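Asker: Here is my input, please return the structure:
(one chain, ligands or ions: 1)
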Amino acid sequence: MGFPKDFLWGGATAANQCEGAYSEGGKGLSTADVMTAAAHGVPREITDEVVEGKYYPSHNAVNHYHHFKEDIALFAEMGFKSYRMSIAWSRIFPNGDELAPNEEGLKHYDEVFDTCLQYGIEPVVTLSHFETPLGLLKYGSWENREVIQFFLRYSETVFNRYKGKVKYWLTFNEINVMSTKPWMAAGVHSDDEQVRMTAAYHQFLASAKAVQLAHKIDPENKVGMMYNGHLAYPASSDPDDIQRTNEFMHKMLFYSDVQCRGYYPAYKLKEFEREGIVLPIQDGDLEELKNGKVDFLSFSYYMTHVVGKNSPLVFTGLNGVKTGYTNPHLKMSDWGWAINPSGLRHLLNLLYDRYQIPLMIVENGLGADDKVEEDGSIRDSYRIDYLRDHLQEMKNAIDLDGIPVMGYTMWGPIDIIAASTGEMRKRYGFIYVDVDDQGNGTFKRIKKDSFTWYKNVIATNGEDLN
Ligand code: BG6
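Answerer: Got it, this is the predicted structure:
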């Protein structure tokens, strides 16, 4: 009983939220590099290019690009078995459409992976985490089928280069974010459902082809999909609320249905028929989707939603899902996310019942405004409470429900920029980074109380969560 012996304990980051060095080492701009930070209730702004005088948090972030050795050494000190991170596509192909890769970018990740392996840390690598090369916008980004071949050139390059160093890959981070924040998911600036569904279709195809390529290049490769773990409860037992909740879940689960089953589910095809949405299917595509099913399903989990008969099902703007309901039984994080540990067990069951493939939790954590005490300590007992309760539910899912969970990588083991708001103030880490919302600070790394706690969790393979 308990966690499997080879359980992949660790942490997860994304290049655009931690690396900084946005124009160093031959890197090109990405969609993340033209997003400002939210301030005083005004959401993040997306500019056409980098505008002088505006503050773009990805440009320096927490400077992991230059601090990665120190940061990974701290992860190793906590006993990490895995580090989920992403490659910035525009470090390898600065504009996205070059014929040859940028050697300096490739070398950088060689060093990152070598550092991980030196400590026995298994890299789990996301190919595309909210940062399409900006140079691909002239093609229409993911709305254009041509972008698939650029993504495959990039994928093939990194699969070959890091063969033997990386065996766990994720194709698109939170692919269902296409339905909530399409700019982040795909460099697509539209609330139009046809546009979103066309871009998603191209990503499904690209992912399916990448899965096959990864297996061909190295049969040891395991490729997963990554689902933004939305879970919704009906607002009441009113059958109309329940029906709406099913519709909401279908809006999200159709992404994992396609990637885990290899075909579009009937409910989605019927919706397309009703809405007049046409998929740009070409000969052989459906075969590719079938042959490119993922090996495992990874997902993020932060909160649950409540859905009622009047909840909207089309999500607009950068701020993501708004259902119009709050859950009176749950506490909220400082950023209004409903904290629901048992929902994690629920979701693990739902996903395993549906697909029967191994699962991995690749994001979970609490964004909070940490305070550095006068003695320099950071007493983040609220973070420990949040994580402990979620880990307990994951343990229940393994022990009591028999769910095969491969690993758990807590989100943002070191403080990084928040994706939804671009703030630094919304911190997740076991390790504090001395930098503020304007990018000022010493960038010094400081261990929080949760650092020691997580170290003990891993050392006892999750037996001692206290
Ligand atoms: C997930 C993303 O949606 O949530 C991460 O994959 C993101 O990139 C995380 O950082 C937490 O969200 P936020 O907005 O608090 O950073």
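Asker: Helices of the stretch 1-150 of the chain, residue ranges please.
Answerer: 15-18, 64-78, 89-92, 103-118, 146-161 (DSSP state H, counting those that start in this stretch).
Asker: Nearest to Glu45 among those helices would be which one?
Answerer: Checking the helices of the stretch 1-150 of the chain against Glu45 by C-beta to C-beta gives helix 15-18 as the closest, at 16.0 Å. The C-beta positions use only the backbone N, C-alpha and C, and glycine is treated the same way.
Asker: hang on, the earlier thing: kindly reformat the helices of the stretch 1-150 of the chain as a markdown table containing mean pLDDT.
Answerer: Shown next, in a markdown table, are the helices of the stretch 1-150 of the chain (pLDDT from 0 to 100):
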| stretch | mean pLDDT |
| --- | --- |
| helix 15-18 | 98 |
| helix 64-78 | 98 |
| helix 89-92 | 98 |
| helix 103-118 | 98 |
| helix 146-161 | 98 |
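Asker: Those helices: which one's closest to the ligand?
Answerer: helix 15-18 (5.9 Å; C-beta to the nearest ligand atom).
Asker: Close to the ligand: what parts of the protein are there?
Answerer: 14, 17, 130, 173-174, 228, 300, 363, 367, 411, 418-421, 426 (C-beta under 6 Å from any ligand atom).
Asker: Considering these, which is situated nearest to Ala214?
Answerer: Among the residues of the chain next to the ligand, and counting by C-beta to C-beta, the member closest to Ala214 is Asn173, at 16.4 Å.
Asker: ok, and the closest non-adjacent residue to that closest one?
Answerer: Distances taken as C-beta to C-beta, 6 or more residues apart in numbering place His129 nearest to Asn173, at 3.9 Å, with adjacent residues excluded.
Asker: Please report the number of neighbouring residues for the one you found.
Answerer: The number of residues packed near His129 is 26, by other C-beta atoms under 10 Å.
Asker: Ala15 is in contact with that one, correct?
Answerer: Yes: using C-beta atoms under 8 Å, His129 makes contact with Ala15 at a distance of 6.6 Å.
Asker: Identify the contacts common to these two.
Answerer: Counting by C-beta atoms under 8 Å, 6 or more residues apart in numbering, the residues touching both His129 and Ala15 are Ser86.
Asker: And the helices in the stretch 251-400 of the chain?
Answerer: Here the stretch 251-400 of the chain has its helices, by DSSP H, counting those that start in this stretch, at 266-275, 285-291, 341-355, 381-399.
Asker: Can you give me the buried ones in whichever helix in the chain runs longest?
Answerer: Counting residues, the longest helix found in the chain (DSSP state H) is helix 193-217. The neighbour-count check on helix 193-217 (16 or more other C-beta atoms under 10 Å) flags 195-211, 213-215, 217 as buried.
Asker: now the helix or strand that that helix is followed by and helix 146-161, what's the angle there?
Answerer: Going down the chain from helix 193-217, the next helix or strand is strand 222-228, by DSSP states H and E. Here the directions of strand 222-228 and helix 146-161 differ by 130 degrees (axes from the mean of the first three to the mean of the last three C-alpha atoms, to 10 degrees).
Asker: Check the offset of the helix or strand that strand 222-228 is followed by from the chain's centre.
Answerer: Per DSSP H and E, strand 222-228 leads on to strand 232-234 as the next helix or strand towards the C-terminus. Taking C-alpha atoms, centre = their mean, to the nearest Å, one finds strand 232-234 lying 23 Å from the centre of the chain it belongs to.
Asker: Please identify the helix or strand for Gly164.
Answerer: For Gly164, there is no helix or strand it lies in under DSSP H and E.
Asker: Next, it: phi, psi?
Answerer: phi 90, psi -20 (degrees, to the nearest 10).
Asker: what sits against it?
Answerer: Counted by C-beta under 8 Å, 6+ apart, Gly164 has contacts Asp218.
Asker: Can you give me the distance of it to Phe113?
Answerer: 10 Å (C-beta to C-beta, to the nearest Å).
Asker: can you check Tyr227 too?
Answerer: Distance, Tyr227 to Phe113, by C-beta to C-beta: 25 Å.
Asker: With Lys163 instead?
Answerer: Taking C-beta to C-beta, one finds Lys163 at 11 Å from Phe113.
Asker: ok, now His189?
Answerer: Using C-beta to C-beta, we find His189 at a distance of 34 Å from Phe113.
Asker: higher neighbour count, the two?
Answerer: Neighbour count, other C-beta under 10 Å: between His189 and Phe113, Phe113 has more, with 23 against 14.
Asker: Perfect, I'm done here.
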